[in-house]
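Q: Sharing a model that was predicted from the sequence below.
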Amino acid sequence: MNAGMVSKTVFSPPPQVHLPVEGEEALFPVRRVYCVGRNYAEHSREMGGDPTREAPFFFQKNADNLVPPPGDFPYPGQSSDVHHEVELLVALKSGGADIAVEDALDHVYGYGVAIDFTRRDLQAAAKKAGRPWELAKAFEHSAPCSALVPASRIGHPATGAITLDVNGGRRQTGDLSDMIWNVPEIIAALSRLFVLAPGDVILTGTPAGVGPVVRGDRITCSIEGIASRSLAVI
Ligand code: MN
């Protein structure tokens, strides 16, 4: 086969996942979705951790788990304890390996807000058995998110309230400045483990107050100065 030629495929290729960009017609094509665990001290404590002794860590979701607006969240099977986790989403326009902390923000295209929905019962079983987390984290529709807002418009916010409400009641509250690893440190650490590339998306961890949702719940999440997103659990 000649290099550069488009070859036939045995079936239609899966569709590319895209995120909308606020105020732009062009879409952001998604490659990978990385997530940070236990990146806010209060949340680490509520999950039984000790943030003074345990560093944050990474796991992944699938690109096609993202649900751009205005999509709702279908309650998944195989769980009776699905939790919300509101998170700052960081979208990369370039990448590389071994990125220095001081260069990291040059790779950021923009920001948004996302929910890292988690089948907490399956996660607890996986932790107990020393097994991987995909069943708990990387399921269909598990990451509803907002449109992206380009850094060229809002800069690189390091502070700002991050909140999540269920049926009008506040469940999660934090501030971006509470993150144990900030955004440049996350990008630098991740780039030592994976070769980052344009289209990569990072969910940067959740503040305290995670809890269960049920069908019929109305969720609104927001990051001050960046984005908000509303959806129903269906
Ligand atoms: Mn999370």
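A: Here it is on my side, so go on.
Q: need the contact list for residue 118.
A: Applying CB atoms under 8 Å, 6 or more residues apart in numbering, we find residue 118 in contact with 82-83, 85, 136-137, 142, 210. Just so you know, the C-beta spots here come from the backbone N, C-alpha and C atoms, and that holds for glycine as well.
Q: ok, now how distant is the most centrally placed residue in the chain from the ion?
A: Against the mean C-alpha coordinate of the chain, by CA atoms, centre = their mean, the closest residue is residue 203 at 2.7 Å. Distance of residue 203 to the ion, computed by CB to the ion, to the nearest Å: 6 Å.
Q: For the remainder of this discussion, apply numbering that starts at 35.
A: Sure, I'll start counting at 35 from here, so that last one is residue 237.
Q: tell me which parts of the protein are close to the ion?
A: Contact residues (CB under 5 Å from the ion) of the chain with the ion: 119, 150, 240.
Q: show me what contacts the first one?
A: Contact analysis of residue 119 by CB under 8 Å, 6+ apart lists 149-152, 206, 240, 244.
Q: Can you tell me the closest non-neighbouring residue to it?
A: Excluding its sequence neighbours, the residue lying closest to residue 119 (CB to CB, 6 or more residues apart in numbering) is residue 240, at 3.6 Å.
Q: can I assume the one you found is in contact with residue 76?
A: No - using CB atoms under 8 Å, residue 240 makes no contact with residue 76, being 10.0 Å away.
Q: Pull up the gap between whatever residue of the chain ends up closest to the ion and residue 40, please.
A: Residue nearest to the ion within the chain: residue 150 (3.5 Å; CB to the ion). Using CB to CB, to the nearest Å, we find residue 150 at a distance of 36 Å from residue 40.
Q: more neighbours, those two?
A: Per other CB atoms under 10 Å, whichever of residue 150 and residue 40 has more neighbours is residue 150, with 27 against 5.
Q: pLDDT wise, what is the closest residue to the more buried one other than its chain neighbours at?
A: Spatially, and ignoring its direct neighbours in sequence, residue 150 is nearest to residue 119 (4.1 Å; CB to CB, 6+ apart). At residue 119, the model reports a pLDDT of 98.
Q: how much space between residue 119 and residue 238?
A: To residue 238, residue 119 is 11 Å away according to CB to CB.
Q: Likewise for residue 164?
A: 26 Å.
Q: Which one's more surrounded, those two?
A: A direct count of neighbours by other CB under 10 Å for residue 164 and residue 238 places residue 238 higher, at 25 against 6.
Q: Quick check: nearest residue in space to the more buried one, chain neighbours excluded?
A: Residue 238's closest residue in space is residue 122 (CB to CB, 6+ apart), at 4.6 Å.
Q: Done for today, thanks.
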